[in-house]
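[1] Need a 3D model of the following:
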Amino acid sequence: MKKILNIVQDVEDEINSIILEAKYPVHQVEDTINTILRHLATLRKYVQENGFKSEEDEIHFFKNVKPKVVSRLIFFNSVFKTETKRPNGGRKVIRKYLNAELHKLQRFFENNLEFYKYYRTNNTFLDRKLFLRGNADVKLNLDTFFFEADPTFSTSHDYKVA
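    Prediction:
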């Protein structure tokens, strides 16, 4: 697990370095996304080759560690898409666009409220179903994306945590 935590720290260090050095925000975001993708590939390879010592380690990784890295990817990808799709126009047009983007995020959280309550209250009774590979339960409201995810590096809800 120490090697995994070192990789996660490397991601954070490189992101901070990119943010300090980049001159153009869109280039900064692109570089950050590429950095995160590179480190996710390293994490995937490590997990596939080494596995976990226990179910508790696996749950911890997919519930707490991997989502930290993936959440950064989701954030920077969202910033990239929002900025590159931003309409030309005055403040009113841009405000309308940004409010529509915010509304999409609010809808996502509302649609997943029960899961977020479970996660934010530090419950553990579903962890074996949600955060162990190969234990997906279709009754737990799986996102369609899950069926295309790498089963050796994903659980049914690690992406949702991110």
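
[2] Who are the contact partners of residue 91?
    Under the criterion of C-beta atoms under 8 Å, 6 or more residues apart in numbering, the contact list for residue 91 is empty. No exception for glycine: its C-beta is placed from N, CA and C like everyone else's.

[3] Roughly how far does it sit from residue 102?
    Computed with C-beta to C-beta, to the nearest Å, the distance linking residue 91 and residue 102 is 16 Å.

[4] One more: residue 162?
    19 Å.

[5] Between these two, which is the more surrounded one?
    Ranked by neighbour count (other C-beta atoms under 10 Å), residue 162 and residue 102 place residue 162 first, with 15 against 11.

[6] What's the separation between the more buried one and residue 63?
    Residue 162 is 11 Å from residue 63, by C-beta to C-beta.

[7] do residue 29 as well
    27 Å.

[8] Name the residue in those two with the higher neighbour count.
    Set residue 29 next to residue 63 and count neighbours by other C-beta under 10 Å: residue 29 wins out with 23 against 19.

[9] Now that one. Its backbone dihedrals?
    For residue 29, the backbone dihedrals are phi -70, psi -40 (criterion: degrees, to the nearest 10).

[10] okay but it is in contact with residue 84, surely?
    No: contact criterion C-beta atoms under 8 Å: residue 29 and residue 84 do not qualify, at 9.1 Å.
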